[in-house]
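Trainee: Here's my sequence, what's the structure:
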Amino acid sequence: MLFPESRPALATYAAQTPVWSEGYDVAAARADARRVAAQEPREEVAQVADVDADGVPARLYAPAGVPGHPVVVHVHGGGFVFNDVDVHDASVRRLVNRTGLRVLSVDYRRPPEHRFPAAVDDVGTAAAWAARELDAPLLAHGDSAGGNLALVDALRHPGRYDAVALVYPFLDPTASFDSYRTAADGFDPREAAWYWEQYASRPEDLTHPDLAPLLSDRLGTLPPTLVVTAEHDPLRDEGEELARRLARAGVEVTATRYLGQLHGFWRHPQVFPSAEPLMRQVAGFLRLHT
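Mentor: Purely as a prediction, here's the structure:
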């Protein structure tokens with residue numbers, strides 16, 4: 001059952017121009033997202049600095065009084081195509097203040113201008129920079145497409161992260177799970193297909209484990225992992241299948257489904273009361289592994 005706060009959000013989503021529409025203006029949609037995000041309230045954080053992480057732009061946040069470690073590598077969602085460090089600024093500030101940890105928000109290259117594997121390569125480069133220049137243990141966090149990228153970087157580099165937290169990760173280009181047919185409230189499967197089409201450089205990429213991590217043979221190499229899903233989200237079943245596969249592979253995994261919620265709720269605490277408890281769950285999980 002959809003919770004009451006989700007119903008007005010559905011009406012907002014329904015009024016938007018679908019991304020798969022002919023002539024859809026990606027640049028205008030990105031600009032609109034930045035405009036909306038700029039109006040969100042922002043919590044104070046002791047230090048915020050834009051940095052060059054070996055050629056990858058990123059934003060480093062630090063709370064007051066924190067010694068040298070550790071660092072959360074945050075990878076933003078947005079279907080690979082949308083959002084950036086500015087759009088996620090308010091959410092990352094909340095993450096910093098709830099964890100009491102430094103956070104490096106990665107401004108990875110996006111398709112269709114830069115297709116696979118540009119985004120995940122950038123995440124890997126920024127994480128390597130953080131480990132070296134900040135001399136710190138690393139934790140990974142990502143939502144939606146950012147969850148895909150954070151997961152893939154952890155799979156590419158076993159041992160890099162002490163823990164991984166994934167919020168409704170975007171994992172399956174085949175859209176083969178039942179939730180694409182039974183739980184696609186506010187996130188049309190055609191939208192998901194469009195994102196994969198923008199991200200992949202060629203059809204063969206859709207079966208590459210660095211793009212479709214459910215196909216990876218390295219799942220057992222992951223550190224303790226949190227996987228969060230939303231009940232009314234087409235990505236629900238693939239996230240929960242990831243959790244099951246991790247458990248079978250011997251990974252210490254925690255999996256939580258948030259009832260009544262839509263895809264994207266984590267980033268909007270003014271709309272979804274469950275967003276703050278989720279933020280605190282993520283923060284608690286990350287702190288547990290520092």
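
Trainee: Could you export stretch 255-274 as PDB, CA atoms only?
Mentor: In PDB, the C-alpha atoms belonging to stretch 255-274 read as follows (Å, rounded to 0.1, in the frame of the first residue of the first chain):
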ATOM      1  CA  ALA A 255      18.600  -5.700   3.700                       C
ATOM      2  CA  THR A 256      15.700  -3.500   4.500                       C
ATOM      3  CA  ARG A 257      12.500  -2.700   2.500                       C
ATOM      4  CA  TYR A 258      10.700   0.600   3.300                       C
ATOM      5  CA  LEU A 259       7.000   0.000   3.000                       C
ATOM      6  CA  GLY A 260       4.800   2.500   1.300                       C
ATOM      7  CA  GLN A 261       7.700   4.400  -0.300                       C
ATOM      8  CA  LEU A 262       8.600   5.300  -3.900                       C
ATOM      9  CA  HIS A 263      11.900   5.300  -5.700                       C
ATOM     10  CA  GLY A 264      13.800   8.500  -4.800                       C
ATOM     11  CA  PHE A 265      12.300   9.000  -1.400                       C
ATOM     12  CA  TRP A 266      15.700   9.000   0.400                       C
ATOM     13  CA  ARG A 267      16.600  12.500  -1.000                       C
ATOM     14  CA  HIS A 268      13.400  14.300   0.000                       C
ATOM     15  CA  PRO A 269      12.900  14.500   3.800                       C
ATOM     16  CA  GLN A 270      10.500  17.400   3.400                       C
ATOM     17  CA  VAL A 271       8.100  15.100   1.500                       C
ATOM     18  CA  PHE A 272       8.800  11.600   2.800                       C
ATOM     19  CA  PRO A 273       8.900  11.200   6.600                       C
ATOM     20  CA  SER A 274      10.800   7.900   6.100                       C
END
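
Trainee: chain center to it: distance?
Mentor: 14 Å (C-alpha atoms, centre = their mean, to the nearest Å).

Trainee: Now it: buried residues?
Mentor: Neighbour-count burial for stretch 255-274 flags 255, 257-258, 260-267, 269, 271-272, 274 (criterion: 16 or more other C-beta atoms under 10 Å). Any C-beta I mention is one placed from the backbone N, CA and C, and that applies to glycine too.

Trainee: Max pairwise distance over those residues: which two?
Mentor: Spatially, the most separated pair among the buried residues of stretch 255-274 is 255 and 271, at 24.2 Å (C-beta to C-beta).

Trainee: Looking at the buried residues of stretch 255-274, which one is closest to residue 191?
Mentor: The closest of these to residue 191 turns out to be residue 263 (C-beta to C-beta; 9.8 Å).
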